[in-house]
Every structure is written in structure tokens, then in C-alpha cells.
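Q: only geometry, no sequence info:
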């Protein structure tokens, strides 16, 4: 018995040692081919900007190819990565929607937000910016609230998809101000913004990196930002909380790989993400756009995501909001969010 026990133990130790050596060797040779970085929304938004900055600055010995796969609040792109091999050659720029909100919002998900992914690092956070069509006769949040109460359901607000932070910010505004308006979900912000400029929709709580440049150009009007404090990128734009006490909605972005990617590969990717987003020129670019660099270890991202999932599950449950997944199609939520984001 002792002989067989010792033999099995020795075999197990040898297998473990070989696995460790194999992982170490993989990390040394990785990457041996281009890396695909999936962005779950259309070009021009914060996830796309962050992904392209990483692609431009990364020094991994192989190119990082950006692949925009929008739709269903980011679920389509995230699902592609969830079902990819765990070899480190397919990554995703995840969002608060794809990796925390959608699991509770959609009636069924094509992927598990935790089990199907390997966390790499948090990348950045950002406020949303309340922007309105220039022809809308309001120039402040109090004026907008008064106009909406005098004209119930007259206005429409757009978003790049049901369940996104852009959508949820609008629902929160309705709930906290006692106003009503219609949500119009688009496949991406590149389709929503022209309608906002043209007046087909009248307002939007867009991510600051994509909305702020257009507001500065005078194409749309910025009324408020959704974080508790004013962003240094837009110090002249008031916070929503200055008019609606307690209002706060922040979005975040993080990089994930599929499940079962060897730890040495994850560690190598984490080190490169941290290096790139600590570069002074990258940090300056992010701050100009209203993005706050927020970096982490894979373990810190996993813990942060767990907290966010719990928070949003409570928000969605109490609100009664639901969306349907049907192979890439999405439906408008049936009930509005009626609780505060905390």
C-alpha cells in the first residue's frame, strides 16, 4: 500500500511540476501571433478609445487587433470572448454592463459573467454626461426637469443598448425627478449621436469621452455630469447631484480574457495593461477625455466585480427592470429603474 501511495504521490508531483514548467514556457513564448481585443460597442465610445490606446502602445511583440462586435448591451461581443479558447489570444474590453449589470437585467444570458472569464485588470472609470439637442429650450437641469414635467413623455433619450450605464443613468434620472420620457436603445452610440444632433431624440447620458468633444464643438449642449464631483476634464459642467441630491452613476471598464488562461499569461497581460495606462501621455489623454485611470491586479478586479454584481443585482431586482436575450436581439425594458445607484 505504501509503495502504491508513494508512487501515486510522486506521479502527481511530477505532473504538477510539468504543468508549471509548461505554463512558464508558454508565458515566455506568448504571444506568438496577433492578439484579438474585442470591443463590445461601436467605434468612438470609451471602450473603443481605451482599447485603441492599448493597441497603439502595447509592446508585446505582436500586434493587438481591435474587433468591434456591438449589440445587445455588449452581450454579443462578450459572448464571443466567453466562448473563445483560453489561450490569451482573444480578450475583451469589458464594461459595467457586460460584466455586472446584464447578468441581472437580461432574462437569460449567453455567458456567465464570472465563470467564463479570467480577470486581467481594471482600466478606467468615467462619468456620464447629460447632453441635449441644441434646439431643446433648456440650458440647465432645473429647466429640463420643469420642461419634462410640463410635457410628460414628450422627450426621448437614447443609449447604445439596454442595460448600459447610459441607459441606467436615464432611468435613474426619471426615478429621482419624477419625470417621464421614452428610452430608445441603439446598436451603438455612433447611431444614437446623429439622431441626438438632428433632434430625433432630445437627450442622452453618454459616456464623457465621446460626448464631451461634441459639446465643446457646440454640436450638443452639456447640462451635467453624473459623478459626485466635477471631473477636471469639465470643471465648468455641474454635477447632477448639485440639482438632484444623491444622484451618482459611474461607469467602469476592465480587460478580461476567457476562462482558463494560464496565470503566467494573465500576469504578463496585466503587467502590460498597467504599464500602458501609466504612461504619462496616455494618462494625459484619458484625463482630457474625462476618463480616470483605475488599474488593478487580476485578484482585485475579481473582488471588485463581485461587489458590483451584488450591487446591480439588488438594483435590478428592486426596479423590476428586465430585458430579453434572443440570439442577439434585445428588447426595451418593461419597467423603469426606481431605486438610487449607490
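A: Yes, it's here. In this text the structure is predicted, and so the values were computed from the model without any measurement. Residues are numbered from 1 along each chain as shown.
Q: can you find the helix or strand of the chain with the lowest average pLDDT?
A: strand 329-330 (a mean of 40; mean pLDDT, DSSP states H and E).
Q: the helix or strand hosting residue 168 packs against which elements?
A: In this assignment (DSSP states H and E), residue 168 forms part of helix 165-177. Under the contact definition 3 or more Cβ pairs under 8 Å, 6 or more residues apart in numbering; DSSP states H and E, helix 165-177 sits against strand 117-132, strand 156-159, strand 182-185, strand 203-207. Where you see a C-beta, it was placed from the backbone N, CA and C, and this is true even at glycine.
Q: show the contacting residues for the most centrally placed residue in the chain.
A: The centre of the chain sits closest to residue 95, judged by Cα atoms, centre = their mean, with a distance of 1.8 Å. By Cβ atoms under 8 Å, 6 or more residues apart in numbering, the contact list for residue 95 reads 40-41, 47, 74, 164-165, 251-254.
Q: can you check residue 230 too?
A: 237-239.
Q: confirm it sits in a strand?
A: No - with DSSP: H, G, I helix; E, B strand; the rest coil as the criterion, residue 230 is coil rather than part of a strand.
Q: over to it: give its phi and psi.
A: When quoted as degrees, to the nearest 10, the phi and psi of residue 230 stand at phi -70, psi 140.
Q: would you mind measuring from residue 124 to residue 172?
A: 21 Å (Cβ to Cβ, to the nearest Å).
Q: OK, contacts around the residue lying closest to residue 255 once chain neighbours are set aside?
A: Excluding the flanking residues, the one nearest residue 255 by Cβ to Cβ, 6 or more residues apart in numbering is residue 120, at 4.2 Å. Counting by Cβ under 8 Å, 6+ apart, residue 120 makes contact with 91, 254-257, 266, 269-270, 273, 298, 301.
Q: partners of the residue nearest to the centre of the chain in the sheet?
A: residue 253 (DSSP bridges).
Q: measure it to residue 35 for me?
A: Distance from residue 95 to residue 35, by Cβ to Cβ: 19 Å.
Q: contact partners of the helix or strand containing residue 143?
A: Element membership for residue 143, per DSSP H and E: helix 141-150. Helix 141-150 has contacts (Cβ under 8 Å, 6+ apart) with 130, 132, 136-138, 154-155, 177-181, 203, 223-224, 238, 240, 242-244.
Q: so for it, mean pLDDT?
A: Across helix 141-150, pLDDT averages out at 98.
Q: now do that helix against strand 117-132, angle only.
A: In terms of direction (axes from the mean of the first three to the mean of the last three Cα atoms, to 10 degrees), helix 141-150 departs from strand 117-132 by 80 degrees.
Q: what kind of secondary structure is the residue lying closest to residue 152 once chain neighbours are set aside in?
A: Spatial nearest neighbour of residue 152, chain neighbours left out: residue 180 (5.1 Å); criterion: Cβ to Cβ, 6+ apart. At residue 180 the chain is in coil, as set by three-state DSSP.
Q: ok, residue 180 touching residue 174?
A: Yes - between residue 180 and residue 174 a contact is recorded at 6.2 Å, counting by Cβ atoms under 8 Å.
Q: gap between residue 137 and residue 102?
A: 36 Å.
Q: who has more neighbours, those two?
A: residue 102 (27 against 8; other Cβ atoms under 10 Å).
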